[in-house]
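Engineer: just a sequence and a predicted model for now, questions to come.
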Amino acid sequence: MRTYRSGSLTAVLLGALCLWLLVAAAEAAPSPKPELRGWIAVDIGHTLALPGATSARGLTEFSFNLTFGGMLAAEIAAAGADARLVNGDGMIESLPARGRAAAGSRLLLAVHHDSVQPRFFSTWTHEGVERPFSDRNSGFSLFVSRKNAALKASLACASAMGAALRAAGFSPSLYHAERIAGEAKPFADRANGVHYYDNLIVLKSTQGPAVLFEAGVIVNRDEELQLLDDARRGRMARALAAGIVSCTRR
């Protein structure tokens with residue numbers, strides 16, 4: 001049997017104790033979540049100068065995009081991921097600049113609100129102003145580009161988001177696949193409301209996964225009011241964030 005001097009034995013015991021403490025601390029510490037590494041780019045669609053569609057009550061699409069995009073970023077952060085706004089000031093200089101601003105992200109999600117083809121507009125008077133509207137279509141839509149360098153991941157994320165939205169009680173609009181001028185965007189995943197939109201610059205020019213989300217149809221008078229309701233917007237943002245976290249863990 002090997003014998004130790006008292007000083008040597010003390011050193012051995014202290015070393016063993018330190019090793020045990022290190023192992024215990026490692027086991028007790030929360031393990032990293034690889035699915036939440038990286039960051040998510042939440043791109044606010046349109047700009048202050050070019051604010052996109054106009055709602056049935058005269059509000060700009062950009063104002064809808066900015067409010068919902070901020071709520072979505074907060075929900076993504078609440079899920080433990082790093083969400084960063086692109087074009088949060090509405091001053092971005094170009095469409096390709098959006099993809100460049102998202103370089104290195106796990107996903108670029110472009111936030112938009114929808115309209116319809118002009119042939120479907122009627123007019124009504126709201127607060128003394130005659131405005132175009134169309135109650136023909138409603139619901140969310142998702143788009144990916146087959147020219148995107150990360151199409152497989154883009155489509156997986158779009159499908160995950162659509163599935164999460166449907167599980168939360170939201171319905172996809174399907175009219176973008178209609179064979180009419182300005183539409184005819186084929187389904188990539190019909191059940192979850194995902195279409196191919198191959199030549200959309202923000203999708204095809206982004207090097208990583210990229211999805212465009214249309215939250216709903218703001219020229220539809222009833223849906224416009226729903227899209228302005230903070231409780232409903234929060235529920236939609238939480239569902240969308242859950243889909244994003246689900247797809248980026250892969």
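Structural biologist: Okay, I see it. Numbering: from 1, shown residues only.
Engineer: tell me the domain boundaries of this protein?
Structural biologist: Following automatic domain parsing, one finds the domains of the chain at 1-31, 36-248.
Engineer: so which of the ones you listed is the most surrounded?
Structural biologist: domain 36-248 (a mean of 19; mean count of other CB atoms under 10 Å). Glycine gets a C-beta too; all of them are placed from N, C-alpha and C.
Engineer: pLDDT on that domain, on average?
Structural biologist: What domain 36-248 shows for mean pLDDT is 97.
Engineer: was I right about residue 218 contacting residue 113?
Structural biologist: Yes. Applying CB atoms under 8 Å, one finds residue 218 in contact with residue 113, separated by 4.7 Å.
Engineer: what's residue 194 sitting at in phi/psi?
Structural biologist: phi -100, psi 130 (degrees, to the nearest 10).
Engineer: over to the one 10 residues further on?
Structural biologist: The main-chain torsion angles of residue 204 are listed as degrees, to the nearest 10 and equal phi -80, psi -20.
Engineer: tell me, what residue is most central in this protein?
Structural biologist: With distances taken as CA atoms, centre = their mean, the residue of the chain nearest its centroid is residue 109 (4.1 Å).
Engineer: what's near enough to touch that one?
Structural biologist: 40-43, 72, 210-213, 240, 244 (CB atoms under 8 Å, 6 or more residues apart in numbering).
Engineer: residue 84 now?
Structural biologist: 39-42, 73, 105.
Engineer: out of those residues, flag the one nearest to residue 158.
Structural biologist: residue 40 (13.9 Å; CB to CB).
Engineer: list the contacts of the closest residue to that closest one other than its chain neighbours.
Structural biologist: The shortest distance from residue 40 to any non-neighbouring residue, by CB to CB, 6 or more residues apart in numbering, is to residue 83 (4.8 Å). With contact taken as CB under 8 Å, 6+ apart, residue 83 is in contact with 39-40, 42, 72-74, 76-77.
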